[in-house]
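Student: what's the 3D shape of this:
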Amino acid sequence: MTRATTFHLIDDDEVYLFITSKILEAISPNVKIQTFQDGELAINYFKGIEGNSSDFPDIILLDLNMPFLDGWGFLKELKTLYPGIEKRIKIYVVTSSDREDDLGLATEFNELSGYYVKPIKKDELETLFREIVDSNLESN
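Tutor: A predicted model of the protein is given here:
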């Protein structure tokens with residue numbers, strides 16, 4: 001049996017978190033989802049795992065505009081906490097912002113695997129899921 005593909009959804013929109021979780025569960029029963037309603041809560045989770053790479057998710061879907069700690073702040077904090085994360089986490093910005101300055105800033109973060117403007121579609125989530133499953137199979 002293959003291990004579950006793990007997603008962390010970091011977004012302050014409860015409806016988005018619910019719908020995206022349901023879509024991912026419909027794509028595969030072999031998915032593990034953890035949600036955080038702001039970047040600060042997610043950073044606190046990462047601080048608590050103390051670098052245990054098996055606790056890192058396969059994919060992070062990250063909103064930019066959140067209270068307390070926004071998506072950019074989350075990326076900077078994560079990079080500071082774990083500058084040499086051994087596990088390759090695919091981080092995708094999923095935001096309502098299509099502003100040129102946000103799109104430009106995204107290119108400055110090598111950690112980002114992609115940028116999606118909401119709403120993210122089911123076929124896009126299926127593609128992300130398939131990429132991770134395929135790369136996990138290759139590494140085994």
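Student: can you give me the helices in the protein?
Tutor: Assigned by DSSP state H, the chain shows helices spanning 14-27, 39-49, 71-81, 100-106, 122-139.
Student: which ones are touching the residue nearest the centre of the chain?
Tutor: With distances taken as Cα atoms, centre = their mean, Ile60 lies nearest the centre of the chain, 0.9 Å away. By Cβ atoms under 8 Å, 6 or more residues apart in numbering, the residues touching Ile60 are Phe7, His8, Leu9, Ile10, Ala42, Ile89, Lys90, Ile91, Tyr92. From N, CA and C alone the C-beta is placed, and that goes for glycine too.
Student: quick one on the thing from earlier: hey, least reliable of the helices of the chain by pLDDT?
Tutor: Note on those: helix 122-139 shows the lowest mean pLDDT, a mean of 76.
Student: confirm for me that Gln37 is in contact with Asp12.
Tutor: Yes: applying Cβ atoms under 8 Å as the test, Gln37 and Asp12 come out as touching, 5.2 Å apart.
Student: which neighbours do those two share?
Tutor: Met66.
Student: any idea how far Val133 lies from Leu41?
Tutor: As for Val133, its distance to Leu41 is 27 Å (criterion: Cβ to Cβ, to the nearest Å).
Student: equivalent analysis for Pro57, please.
Tutor: Distance from Pro57 to Leu41, by Cβ to Cβ: 14 Å.
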